[in-house]
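**Q** Got a sequence here, can you build the structure:
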Amino acid sequence: MSDPKRVLLVTGMSGAGRTTALKSLEDMGWETSDNLPLALVDRLLASPPPPGDVEDDRPLAVGIDSRTRGFDVAAILKRVESLRGGPRLAIEILFLDCSGAVLVQRYSATRRRHPLALDRPAEDGIVQERELLDPLRDAADYLIDTSSHTTNSLQQEMRERFATGPAAESTLHVTSFGYSRGLPRGADLVFDCRFLRNPHWVPELRPGTGLDADVAAYVMGDPVYEEAVSRFEDLLLLLLPRYAGEGKSYINIAIGCTGGRHRSVHVATRIGRRLRNAGFSPTIAHRDLAHRTSDAMEGKPEAGETAT
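**A** Numbers count the residues shown, from 1 in each chain. So this is what the prediction gives:
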């Protein structure tokens with residue numbers, strides 16, 4: 001007997017990212033269907049393949065929410081439970097949640113009306129929908145809160161949770177950045193280089209970047225540079241295989257200094273080179289390389305550095 005077909009019911013709050021989740025699953029090779037009337041969904045799940053047909057062994061994702069015709073939470077849960085008792089389907093539920101405040105912001109930004117409050121404020125529809133969907137949320141096998149997710153980060157989490165087939169090599173990103181402009185979104189590991197001496201305070205080095213040989217030489221001249229950066233590298237070489245072994249598809253390493261032009265750029269470049277030599281394939285990016293920072297942003301020069 002063949003293994004049961006995997007079926008994922010994708011549901012949740014309107015505006016929480018169901019369309020993005022389904023698109024991610026489709027990109028990973030799943031067969032997807034969205035907003036079929038509930039009677040057709042039931043027929044799709046209950047019907048065996050036609051005689052003589054070789055059933056598609058791809059997993060199936062079905063999107064349903066409060067807008068689905070015939071939507072009835074109790075009926076859905078009862079039907080899922082009955083189908084789980086058979087040998088043909090392995091059914092799971094993914095619930096996409098989101099805070100009310102973020103949902104209101106999303107509806108405001110897109111100027112869409114909430115499907116349960118077409119003539120009332122979105123807040124009313126959100127409260128009504130949350131109460132309606134609570135039993136479905138409680139029964140879910142997977143729960144993803146998208147309140148702090150961007151489209152890209154939700155796609156990344158979907159890949160990490162639902163990618164099928166053999167595990168692929170993790171996608172590795174190394175990004176330099178400036179703390180004056182905030183942490184990069186989605187950073188998994190952050191290394192702070194602000195303890196190193198700062199080329200910003202050297203007039204002839206200030207216009208350059210960490211990609212320039214003279215700037216790099218100045219940073220490398222810091223007494224703790226070699227020991228500190230080597231320890232960063234050793235830690236990454238220890239951790240990265242473990243992340244990959246856990247099935248993490250994307251690993252984002254962020255290297256920061258104050259302005260994101262000198263120290264972090266040089267250290268990110270060196271770490272990227274070390275990882276390549278160790279057999280990894282990182283993508284190196286310098287987020288703030290084109291930005292200039294003021295003396296006020298850089299703070300006060302340390303002993304041995306020159307203020308101008």
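
**Q** Who is the nearest residue to Asp65 once chain neighbours are set aside paired with across the strands?
**A** Nearest residue to Asp65 in three dimensions, chain neighbours excluded: Thr11, at 5.5 Å (Cβ to Cβ, 6 or more residues apart in numbering). All C-beta spots, glycine's among them, are computed from the backbone N, C-alpha and C. The partner list for Thr11 in beta bridges (DSSP bridges) reads Phe95.

**Q** Please report the number of neighbouring residues for the closest residue to Asp145 other than its chain neighbours.
**A** Distances taken as Cβ to Cβ, 6+ apart place Asp97 nearest to Asp145, at 4.9 Å, with adjacent residues excluded. If you count neighbours by other Cβ atoms under 10 Å, Asp97 ends up with 18.

**Q** pLDDT weak spots in the stretch 51-200 of the chain?
**A** Residue ranges of the stretch 51-200 of the chain with pLDDT under 70: 51-56, 164-169.

**Q** which residues touch the residue nearest to Asp65?
**A** Neighbour list for Thr11: 18, 63-65, 93-96, 133, 136, 140 [criterion: Cβ atoms under 8 Å, 6 or more residues apart in numbering].

**Q** same thing but at 6 Å, please
**A** By Cβ atoms under 6 Å, 6 or more residues apart in numbering, the contact list for Thr11 reads 64-65, 95, 136.

**Q** Got the confidence number for Ser249?
**A** Looking at Ser249, its pLDDT stands at 68.

**Q** If we go by neighbour counts, what in stretch 73-93 is buried?
**A** 73, 76, 79-80, 83, 89, 91-93 (16 or more other Cβ atoms under 10 Å).

**Q** mind pulling up the phi and psi values for the residue nearest to Asp145?
**A** phi -110, psi 170 (degrees, to the nearest 10).

**Q** how much space is there between it and Gly210?
**A** Noted for Asp97: a distance of 41 Å to Gly210, by Cβ to Cβ, to the nearest Å.

**Q** Then Glu92?
**A** Here the criterion is Cβ to Cβ. By it, Glu92 lies 47 Å from Gly210.

**Q** all strands for the protein, in order.
**A** Along the chain, the stretches classed as strands by DSSP state E are 5-12, 31-34, 60-63, 89-97, 142-145, 171-178, 189-192, 250-257, 283-286.

**Q** so what secondary structure elements neighbour the second one?
**A** Same thing as strand 31-34. Here strand 31-34 touches helix 18-27, strand 60-63, going by 3 or more Cβ pairs under 6 Å, 6 or more residues apart in numbering; DSSP states H and E.

**Q** do the fourth one as well
**A** Packed against strand 89-97 by the contact rule (3+ Cβ pairs under 6 Å, 6+ apart) you find strand 5-12, helix 73-84, strand 142-145.

**Q** redo that, cut-off 8 Å
**A** Helices and strands touching strand 89-97, by 3 or more Cβ pairs under 8 Å, 6 or more residues apart in numbering; DSSP states H and E, are strand 5-12, helix 18-27, helix 73-84, helix 122-139, strand 142-145.

**Q** Give me whichever of these is most buried.
**A** strand 5-12 (a mean of 23; mean count of other Cβ atoms under 10 Å).

**Q** what does the domain assignment say about the protein?
**A** 5-162, 171-298 (automatic domain parsing).

**Q** Tell me which of the ones you listed sits most buried.
**A** Per residue and on average, the most neighbours among these fall to domain 171-298, with a mean of 18 (mean count of other Cβ under 10 Å).
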